[in-house]
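J.: A structural model of the following input is requested.
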Amino acid sequence: MDDRILTLIGILLALFLGALDQTIVATALPRIVQDLQGLERYAWVATSYMVASTVLVPIYGKLADMYSRKSIELAAIAVFLVGSLLCAISGEFGPIPLIGDGMNQLIIFRAIQGIGGAGLFSMAFIVIADLFPPAVRGKYQGYVSAVFGLSSVIGPWVGGLLTDYGSDIIPGIAGWRWVFYVNIPIGALALWFIIAKMPPLPPRGTRQTFDYWSATLLIVGLIPLMIGLQLDKNLYPWESPLVLGLLGGGSLCLILFYRRSLRIESPILNLRLFQNRVFSTSNAASFLLGAAFMGIIVFLPLFMVNVIGVSSTKAGASMVPLSLGMVIGSVTGGQVVSRVGNYKYILLCGIAVMAVGVLFLSQMTPTTTFASVLLYMALCGIGMGPTLPLFPLAIQNSVPVQNMGQATSANQFFRQIGSVIGTALMGALLASALSGTTLPAPSALAEGVPEAITAQGTAQPATTADHTRQRQAQLLKQAVEEQDQTTRQQLLDDPALPESLKIELQNGRITASTIDEVLSNLAMEPNQRAGQSQDTMKQTFAQAITSNYYYLLFIVLLAWLVTWFVPQLPLRKTNAPPPVTEI
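T.: From the prediction side, this is the model:
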């Protein structure tokens with residue numbers, strides 16, 4: 001077999017390692033936080049990995065333009081495997097000085113995993129660009145996206161299996177630890193393929209230098225910026241000093257990074273690349289699609305559980321068509337572009353299909369069937385699929401070979417940053433839509449109910465109804481006993497409060513002497529009233545979430561418009577320098 005194909009297998013295995021890890025760990029986290037007693041730090045396990053794997057992407061791109069691609073790939077896998085091993089033993093030997101308990105250890109070791117993961121993701125497209133010329137590269141890059149889709153389908157199943165039954169492999173080792181140990185044999189196999197079959201792939205063009213000041217400014221700017229966007233806005237509102245400080249400090253460092261990049265000869269990201277229309281428009285479209293795609297993923301489980309009323313397991317299953325659609329779309333798009341040589345119109349068609357899927361999502365109601373949701377998600381996946389391999393292909397086909405690493409990693413970076421910013425903004429819009437009611441904000445849906453949080457990030461409908469009634473009781477007591485007119489008006493405006501109680505409150509029939517009886521009746525709400533409240537709650541949630549899908553639809557349409565301005569260049573049949581003219 002051709003060494004290039006064997007190298008490709010090694011690269012895809014390494015990529016599968018990183019992609020599978022994300023979905024496996026998400027499934028195992030409920031058991032992990034239970035064993036390590038760190039529920040209050042639950043979100044940081046994912047945040048530390050995400051921040052590290054995003055911030056380091058441009059750094060890997062620059063290093064790939066300076067040193068052997070093989071060396072960088074091997075280093076990334078090694079760091080990831082070390083991080084995996086450390087995660088597996090988190091808390092096994094008690095607290096560690098300067099780090100703390102097992103949960104703190106896991107958070108830090110997940111960041112180390114993320115440092116390696118950034119290299120696994122960014123180097124995949126870079127190495128494939130060296131192995132295959134643009135004319136045939138599309139079909140191979142389609143396999144990269146297919147690996148992501150495949151891992152998202154089988155990851156939750158494997159994660160659940162290892163968590164529940166992994167302790168039977170070696171008695172005394174908790175099952176969730178095998179979620180990290182399983183990376184070792186997969187990583188070893190990937191290392192063998194790369195060490196034995198991958199050519200060195202040295203950098204091309206003139207020798208470049210690494211500017212440590214630029215790298216420091218980039219890292220110090222992105223970390224607080226991303227953490228500020230990811231913080232729970234119910235605990236840390238946008239206007240809080242902590243959030244403003246993180247966003248302001250991060251932005252200042254990024255401005256300094258930009259100014260330094262303009263002055264030095266060999267920046268981390270060559271800003272002159274933005275003068276290339278293919279590079280600038282492709283990254284702008286990727287940024288928008290990253291925001292839209294993450295919004296689809298984040299809000300669908302909320303809708304499925306709180307509006308349609310399915311279980312958390314079934315809500316998770318509704319994501320499978322999205323992943324399978326991405327596999328189909330990416331592989332098909334890559335194969336077609338390798339035959340017809342036109343990436344632009346395939347991208348436009350794909351984004352149009354995605355827009356249709358998001359349009360259907362924005363029309364959902366409490367009566368929408370589960371089968372309909374599966375169809376809508378499949379459309380979104382099929383439409384999103386071609387964009388994953390073809391935007392990098394278009395960029396690689398248009399930039400100088402000496403900047404291939406920077407240009408390729410920049411596309412992944414902008415997509416991931418789009419996901420972070422999009423999720424933060426869409427979450428703020430959803431919280432704002434629910435702020436006028438006693439319904440819990442998304443991040444508080446399962447407050448005090450760890451099982452619900454860890455299943456899909458949301459609560460079961462009955463749990464949400466209980467939470468709503470408790471909140472209504474607190475506000476009623478405050479409004480009556482303290483004569484708080486603001487709270488009284490909030491209750492009157494709340495669609496989830498029963499109409500009979502609104503009438504009594506408005507007419508002054510609820511007094512300090514009767515409040516206890518009213519609260520008792522509210523706590524023991526009759527089935528009919530509970531049903532009415534449940535229906536109102538579903539309508540409110542449905543309206544809030546589908547409104548977000550409307551916003552996402554406009555983002556997708558804007559991405560389609562930006563893609564229209566991506567120049568169509570002929571795909572080179574060799575890895576020689578790109579053409580300078582557009583068609």
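J.: for residue 100, grab phi and psi.
T.: Backbone torsions of residue 100, given as degrees, to the nearest 10, read phi 110, psi -150.
J.: what's across from it in the sheet?
T.: residue 96 (DSSP bridges).
J.: and it, how many residues sit next to it?
T.: 14 (other CB atoms under 10 Å). For glycine as for every other residue, the C-beta is placed from the backbone atoms N, C-alpha and C.
J.: and for residue 141?
T.: Neighbour count for residue 141, taken as other CB under 10 Å: 27.
J.: now do the contacts for it.
T.: Going by CB atoms under 8 Å, 6 or more residues apart in numbering, residue 141 touches 125, 128, 334, 389-390, 392-393.
J.: repeat that for residue 163.
T.: Contacts of residue 163 by CB under 8 Å, 6+ apart are 27-28, 31, 175-176, 179.
J.: widest-spaced pair of the contacts of residue 141?
T.: For these, the maximum inter-member distance is 13.0 Å, found between 128 and 390 (CB to CB).
J.: got the confidence number for residue 149?
T.: According to the predicted model, the pLDDT of residue 149 comes to 80.
J.: that's a strand at residue 509, yeah?
T.: No - under DSSP: H, G, I helix; E, B strand; the rest coil, residue 509 falls outside any strand and is assigned coil.
J.: and it, backbone torsions?
T.: Torsion angles, degrees, to the nearest 10, at residue 509: phi -80, psi -20.
J.: what is the burial count for it?
T.: Neighbours of residue 509 under the rule other CB under 10 Å: 11.
J.: ok, residue 219 next?
T.: If you count neighbours by other CB under 10 Å, residue 219 ends up with 18.
J.: in CSV: the contacts of residue 163, plus secondary structure, neighbour count and distance to residue 520.
T.: Shown next, in CSV, are those (DSSP: H, G, I helix; E, B strand; the rest coil; neighbours: other CB atoms under 10 Å; distance: CB to CB, whole Å):
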residue, secondary structure, neighbour count, distance to residue 520
27, helix, 22, 41
28, helix, 26, 42
31, helix, 19, 39
175, helix, 19, 45
176, helix, 28, 43
179, helix, 30, 47
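J.: between those residues, which is closest to residue 478?
T.: Of all the contacts of residue 163, residue 478 sits closest to residue 31, with 38.9 Å by CB to CB.
J.: and the longest helix for the protein?
T.: What stands out as the longest helix in the chain, according to DSSP state H, is helix 527-564.
J.: by contact count, what packs against that one?
T.: Helix 527-564 sits against helix 277-303, helix 344-362, helix 404-434, helix 461-481, with contacts defined as 3 or more CB pairs under 8 Å, 6 or more residues apart in numbering; DSSP states H and E.
J.: out of those helices, nearest to residue 267?
T.: Of all the helices and strands packed on helix 527-564, helix 404-434 comes closest under CB to CB, at 8.6 Å.
J.: show me what contacts the residue lying farthest from the centre of the chain?
T.: Here the centre of the chain is the reference, and by CA atoms, centre = their mean the most remote residue is residue 513, at 51.4 Å. With CB under 8 Å, 6+ apart as the criterion, no residue contacts residue 513.
J.: report the secondary structure state of it.
T.: Three-state assignment for residue 513 (three-state DSSP): coil.
J.: re the thing from before, can you redo the contacts of residue 163 as a markdown table with distance to residue 223?
T.: Listed next are these as a markdown table, based on distance: CB to CB, whole Å:
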| residue | distance to residue 223 |
| --- | --- |
| 27 | 27 |
| 28 | 26 |
| 31 | 29 |
| 175 | 33 |
| 176 | 27 |
| 179 | 26 |
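J.: and which of those is nearest residue 346?
T.: Closest to residue 346 out of the contacts of residue 163 is residue 27 (33.8 Å), distances taken as CB to CB.
J.: contact partners for the closest one?
T.: Going by CB under 8 Å, 6+ apart, residue 27 touches 155-156, 159-160, 163, 179.
J.: circling back to that earlier point, which one of residue 128 and residue 390 has more residues nearby?
T.: The neighbour comparison of residue 128 against residue 390 (other CB under 10 Å) goes to residue 390, with 27 against 24.
J.: what helix or strand does the more buried one sit in?
T.: Element membership of residue 390 [criterion: DSSP states H and E] is helix 387-398.
J.: state the mean pLDDT of that helix.
T.: Helix 387-398 shows an average pLDDT of 91 in the prediction.
J.: if you count contacts, what does it end up packed against?
T.: Counting contacts by 3+ CB pairs under 8 Å, 6+ apart, helix 387-398 is packed against helix 102-131, helix 134-165, helix 277-303, helix 320-340, helix 344-362, helix 404-434.
J.: rerun at 6 Å
T.: For helix 387-398, the packing partners by 3 or more CB pairs under 6 Å, 6 or more residues apart in numbering; DSSP states H and E come out as helix 134-165, helix 277-303, helix 320-340, helix 404-434.
J.: indicate which one of the ones you listed is closest to residue 559.
T.: Shortest distance between residue 559 and the helices and strands packed on helix 387-398, using CB to CB, is found for helix 277-303: 3.9 Å.
J.: so which bits of the closest one are buried?
T.: By neighbour count with 16 or more other CB atoms under 10 Å, helix 277-303 contains the buried residues 278-303.
J.: export the helix or strand hosting residue 43 to PDB, keeping only CA atoms.
T.: Residue 43 belongs to helix 42-55 when assigned by DSSP H and E. What follows is helix 42-55, C-alpha atoms only, in PDB (Å, rounded to 0.1, in the frame of the first residue of the first chain):
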ATOM      1  CA  TYR A  42     -18.300  20.300  36.600                       C
ATOM      2  CA  ALA A  43     -18.200  22.800  33.700                       C
ATOM      3  CA  TRP A  44     -14.500  23.500  34.100                       C
ATOM      4  CA  VAL A  45     -13.600  20.000  33.000                       C
ATOM      5  CA  ALA A  46     -14.900  20.800  29.500                       C
ATOM      6  CA  THR A  47     -13.800  24.500  29.600                       C
ATOM      7  CA  SER A  48     -10.200  23.800  30.300                       C
ATOM      8  CA  TYR A  49      -9.900  21.400  27.400                       C
ATOM      9  CA  MET A  50     -11.800  23.700  25.000                       C
ATOM     10  CA  VAL A  51      -9.700  26.800  25.900                       C
ATOM     11  CA  ALA A  52      -6.400  24.900  25.500                       C
ATOM     12  CA  SER A  53      -7.400  23.200  22.300                       C
ATOM     13  CA  THR A  54      -8.500  26.500  20.700                       C
ATOM     14  CA  VAL A  55      -5.800  28.800  21.900                       C
END
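J.: that's all I had, so thanks and see you.
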